[in-house]
Each structure stands twice: as structure tokens, then as C-alpha cells.
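> For reference, the sequence and a predicted model appear below.
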Amino acid sequence: RAGEVAVAVPGGLCLTAANSVAGEALRARGLEGPAPGPRAAGKPRADPDDADIVRDEAGGGDSGSPRLAREALVLALMAELARGEASPWLPYLRALPGHGDAGLDQPGAGGPLAHLRGPAATGRGGLHCLCLWTPEQLELLKGTDALRELERPASDDRELPNMTDEHWEYVARPLFEAHPELGVPVDDEGRQLHRLATALVASYSFSLYDAERQAMVPFWDMLNHAPPGRKHVRLNNAVPPGAHEREAGELQMIATEDVPQGGELLNSYGALSNSELLRRYGFVLPDNRHDCVYLRVRGARLARLAQRVMFPTPRTLEQARRRLKSMRLRLGVLRRANLLQNGRAKSIFCVSRSGRPSAALLETLRVLSMPDREFYEMLFFLRTNTPPMPGPPSPRQEAFVEIVLKWLARERLEPLIGEYEPSTSAATRPKGAGGAHSEHRGALAIAVVRGEAECLEALRRWAGRPFPPLEPQVVHRTWRGFWAP
């Protein structure tokens, strides 16, 4: 029934960096424990209705780094996996998939990880998180956002997995070399175990205690994904402020609607595109309404294009100086509002499945293409804490926006479809998808590439149609970074 507890897990059963066998070693390196400050009861990361949880602002122990908090749980899980029968979490760990998918697939081999060996899963079984894919399989994702995020330098706002090999080399291996008593090998098998643990933490962990600590929560991680709005449970962390894991009460999943007897309980992992679902969880959804694609471009390139299309060529040195000053001022305003990145960093803009670009991209193009007089009027309004309400774009501005959007779509689309056969019948099959490539992973790659390509084709169609000005509330939300302290 709605409002009843559907799943209850004692807090002491959760596996964290603090209560693992590696807790002392992690604590010595500043990786274990919550961020400084009072604790408060919170919700796990998997609840997408809480904006703070979606951002996953987990604490990182003494380091204060959320990314290292996730890595600490990876290291803790590696140590417990290596313990085998000595681990109190062994029944739970045996229920987790993916041992063979990490390369630990030689059943007859010995060594410290002999108890983990098993045949790799086939088809849909096992783990398909991207950190377990072979280089040949990752080639099928060339040009996609999934591969870009996997290879993007790790930062505190990045979910696992990314930069996995670098974290093994500079974080995991030094720790286990310094603590051989943990029994984790530091050779290639240790690297394989690190990939397995990374995939498990990426796919199954939660953020607990007001998003301060990463944890593996038995039973919670058994629920499959449903899009936001169609899930059956909300997550409730019934931990009193200041409590530690061993003092914790129940971690509860509360039913949000009636579920028939024998029906499947579903949770939501968030409003994620297929690229993100594949990178983090190893699956995709057919007809994913949250599919999107990201465009990456430097603000200076957009400014140069605006100068060529929208403004006459300066005839004098003074006109050139005024034009340069105006463009620099426009770029500065956009960077202050966080619509563009500073320096040579590329700005990232989202394009939805419908083809509509983000308000940030449309406002950026509007500011770069508007006449000087209109720009300085807008600047006056910004300085008086008033959002700049756009008027109808001129035909010249509409043409400029169309040119830029079609150019960005073509530039983004070319490397994406370069790996596929030109014929329609072959366009649904990656080149070289047979042989050593997993058939199921090839199908996952096809779904991601097709989804991003469809978003870009929709963008090209959207760019060719007249579009109305943005709604006032959207404009105000887009520019609120300008007034942030």
C-alpha cells in the first residue's frame, strides 16, 4: 500500500569505507569518514526528485572530495572481495554480478582471487558498465557522450566510472602496495578487480546520511529502473543526526503508490540519457524520452562567427577596436553568467530529443548577435538586477542562429556516424561488431549512437524553423548566475 515500508535494511548491514577491513588504511590516507560538520538524515543518491542528491554532493572524508569518497568505497569493496570467506559481507558479495566480466574468468587458476573466478556472463547477463568494456568494444562508442565522459578528467561532480585506469595507478595500487595485509594483488589481476569494484560501486551504491557517505546497501540495489514519475518507492534514511553506521536505524524504501501482489517494485536512477545509463549502469532504454546530446564549443569561435555574419567589416582602426571591445565585453558577460566557460575551455550545451537547444545556447547566440545599442541596454538591465527580456529576433539573427546550430550539429554528427556503414541497412550495425565483440554490447552501442544521432538530426530540423523568444521565467533562470556572489 502507498505509504507503507516496502524494503527495510538495517543501517549496520551497509558496506562503507569506514566499516570495511580497509577502514584503517583508508583513514590513514584521509579517504575514510564523512566530511567535517554535523550529520543529518538524508536520502540516497538514487532519488532523482532531490536536486542535491542528483548532484551527488557526497563528502570525501578528510580530503573533502566527493570523487575520492566514491573511490574510497571502491577500495573498500576490493578489500572485502579479496577476503573471501573471511568477509562478513560474503553472502551479499556473492549475489553481486560481474566477476567474470572483469577478466577474472579463469575458473581453474589459483592465486589470491581464486574464489572470485568464474565464467564471463553472456548476452544480457552480467555487468556492462563501460569500465569493463574492451578497447575494441569502446571503439563502437567513438564520438558519443558516453565515451567522452568515460575519458573526461575526474572531478568532484563526475559520477563513476571515469579515469578508472588512472585511479588504479595513482590511488588504488599505492594503497595496496603499502598494505599487503589486505590481500589485494597489485598486478594485472588487481587492476581487473579494481575495474570490477568500480563497476559495482557505479551501478549499485548509494549516498547516505545527507549525501555524506557512499555505501553498498543490500536489497536496495535489487530494484530495477523506471523513469522519474513512474517509480514505486521513495528512499528514506531513518538515521538520527550524529549517528554512525553501527548506530543507524533502518534504511527504508517507502511505497509511493499501491503495488499489486507479485508486482515488481521499481526505483528511478534519474532522468538520464542512454549515454549516461550505459556509462554508469550498463543498460539502455528503448525509446528513452530523456535522450539528449551535448555540443561542445569555445565561446571565442562563436564570437568570431558572429562578427563575420552579423556585423560589417571595420573600415578603420578605431572601428576595429570598438568591435573588439564589444565582443570581449559580451564574452565577459556570458562567462560571468556561467553561460560560457572561461579561457579556452569548451562550453557544453544540451540538445533535447526534440531537437530544441538549451536556453543557455540560445541566449549566448542572442547576446553575440544583437546590435551594440541593444547589447548596452541589456547590460544596463543586468546591472540593475533585472533579467534581460528578449524581443523578437530579427531575420538576420534568425539566419545566424540557423547557421550556427546546423554547423554545430554537422560538426558533432560527423565523428558519431563515421563508424557506421553508409547504407540504411548497415547503419544499424557497427563495423566489425562480430568476432571478439560482445553481441549485446554492440546492441547497446547502437542504441546510444542512434539516440544521439536522432537528437542532432532533430536539431537541424529545429534550426530551420522560426522560433519564438524564450519565456521570461526561462530567461531569468538562465541568467541567475550573473548575480551570484
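Arrived safely, thanks for sending. Residues are numbered from 1 along each chain as shown.

> With adjacent residues omitted, what lies nearest to Asp372?
Nearest residue to Asp372, sequence neighbours excluded (Cβ to Cβ, 6 or more residues apart in numbering): Ser326, at 5.6 Å. All C-beta atoms are positioned from the backbone trio N, CA, C, and that covers glycine.

> Show me what counts as buried in the helix or strand where that neighbour lies.
Using DSSP states H and E, Ser326 falls within helix 317-336. Of the residues in helix 317-336, Arg323, Ser326, Met327, Arg330, Leu331, Val333, Leu334, Arg335, Arg336 count as buried by neighbour count, 16 or more other Cβ atoms under 10 Å.

> mean confidence for that helix?
Per-residue pLDDT over helix 317-336 has a mean of 93.

> Tell me the gap between it and the middle of its chain.
Mean C-alpha position of helix 317-336 versus that of the full chain (Cα atoms, centre = their mean, to the nearest Å) differs by 35 Å.

> List the neighbours of it that are in contact with it.
299-300, 303, 306-307, 311, 314, 340-342, 364, 367-368, 372, 375, 379, 382, 481-482 (Cβ atoms under 8 Å, 6 or more residues apart in numbering).

> Quick check: what element follows it along the chain?
strand 347-352.

> Give me the helices and strands touching that next one, please.
Contact partners of strand 347-352 among helices and strands, from 3 or more Cβ pairs under 8 Å, 6 or more residues apart in numbering; DSSP states H and E: strand 292-297, helix 359-369, helix 439-463.

> What segments of the stretch 1-150 of the chain are helices?
With DSSP state H, counting those that start in this stretch as the criterion, the stretch 1-150 of the chain has helices at 23-28, 51-55, 66-83, 90-95, 135-138, 145-151.

> between those helices, which gets nearest to Ala178?
Each of these has some distance to Ala178 by Cβ to Cβ; the shortest is helix 23-28, at 7.5 Å.

> What's the mean pLDDT across the closest one?
Mean predicted lDDT for helix 23-28 stands at 92.

> So Leu200 sits against Leu77, correct?
Yes - between Leu200 and Leu77 a contact is recorded at 6.2 Å, counting by Cβ atoms under 8 Å.

> between these two, who's got more neighbours?
Of the pair Leu200 and Leu77, Leu77 is the one with more neighbours under other Cβ atoms under 10 Å, namely 29 against 26.

> Can you give me the distance of the more buried one to Leu31?
From Leu77 across to Leu31, the span is 13 Å (Cβ to Cβ, to the nearest Å).

> same question, Pro180
Pro180 is 18 Å from Leu31, where distance means Cβ to Cβ.

> out of the two, which sits in the busier spot?
Using other Cβ under 10 Å, the more surrounded residue of Pro180 and Leu31 is Leu31, with 25 against 10.

> now that one, nearest residue through space, not along the chain?
Per Cβ to Cβ, 6+ apart, closest to Leu31 is Ala72, 4.0 Å.

> low-confidence ranges in the stretch 301-450 of the chain?
For the stretch 301-450 of the chain, residues meeting the criterion pLDDT under 70 lie at 418-437.

> 80 instead?
Screening the stretch 301-450 of the chain residue by residue with the criterion pLDDT under 80, one finds the ranges 343, 385-392, 417-438.

> so who does Glu80 touch?
Leu15, Ser20, Val21, Ala22, Ser87, Trp89, Leu93.

> one step back: overlap of the contact sets of Leu200 and Leu77?
Met216.

> which residues in this protein form strands?
Remark: strands assigned in the chain by DSSP state E are 5-10, 205-208, 213-216, 224-225, 233-237, 250-255, 266-267, 292-297, 347-352.

> Return the backbone torsion pair for the nearest residue to Asn274 once chain neighbours are set aside.
Closest residue to Asn274 apart from its sequence neighbours, by Cβ to Cβ, 6+ apart: Val284 at 4.1 Å. Note on Val284: its backbone torsions stand at phi -130, psi 160 [degrees, to the nearest 10].

> about what we covered before: got the buried residues of helix 317-336 as a markdown table, with distance to Pro388 columns?
Compiled in a markdown table, the buried residues of helix 317-336 are given as follows (distance: Cβ to Cβ, whole Å):
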| residue | distance to Pro388 |
| --- | --- |
| Arg323 | 21 |
| Ser326 | 16 |
| Met327 | 18 |
| Arg330 | 12 |
| Leu331 | 16 |
| Val333 | 10 |
| Leu334 | 12 |
| Arg335 | 16 |
| Arg336 | 13 |
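
> Looks like Tyr294 contacts Val351 (just checking).
Yes - Tyr294 is within contact range of Val351, at 7.4 Å (criterion: Cβ under 8 Å).

> The two: which is more packed in?
Taking other Cβ under 10 Å, Tyr294 and Val351 do not tie; Val351 has more neighbours (25 against 17).

> Distance check, the more buried one against Leu459.
Distance, Val351 to Leu459, by Cβ to Cβ: 5 Å.

> next one: Arg94
Arg94 is 47 Å from Leu459, where distance means Cβ to Cβ.

> likewise Thr386?
Relative to Leu459, and taking Cβ to Cβ, Thr386 is found at 31 Å.

> which of the two has more neighbours?
Neighbour totals were compared for Thr386 and Leu459, and Leu459 leads with 25 against 12 (other Cβ under 10 Å).

> Next, the contact list for Asp165, please.
Per Cβ under 8 Å, 6+ apart, neighbours of Asp165: Arg191.

> can we see that at 7 Å?
Listed by Cβ atoms under 7 Å, 6 or more residues apart in numbering, Asp165 has no contact partners.

> confidence score at it?
According to the prediction, Asp165 has pLDDT 89.

> Show me the shaky parts of the stretch 51-200 of the chain.
Along the stretch 51-200 of the chain, the parts satisfying pLDDT under 80 run over 51-69, 98-126, 153-159.

> What are the phi and psi values at Leu340?
Torsion angles, degrees, to the nearest 10, at Leu340: phi -130, psi 150.

> least reliable of the strands of the chain going by mean pLDDT?
Note on the strands of the chain: lowest mean pLDDT is at strand 233-237, with a mean of 74.

> Check the gap between the residue nearest to Cys129 when sequence neighbours are not counted and Arg279 for me.
The shortest distance from Cys129 to any non-neighbouring residue, by Cβ to Cβ, 6+ apart, is to Ala199 (3.7 Å). Separation of Ala199 from Arg279 (Cβ to Cβ): 11 Å.

> Quick check: buried residues in stretch 76-88?
The neighbour-count check on stretch 76-88 (16+ other Cβ under 10 Å) flags Ala76, Leu77, Met78, Ala79, Glu80, Leu81, Ala82, Arg83, Ser87 as buried.

> Which of the residues you listed sits closest to Val171?
Met78 (11.3 Å).

> so what's the closest one up against?
Counted by Cβ under 7 Å, 6+ apart, Met78 has contacts Val184, Leu193, His194, Ala197.

> So what's the residue count around the last one?
To tie it back to what came earlier, the one meant is Ala197. 28.
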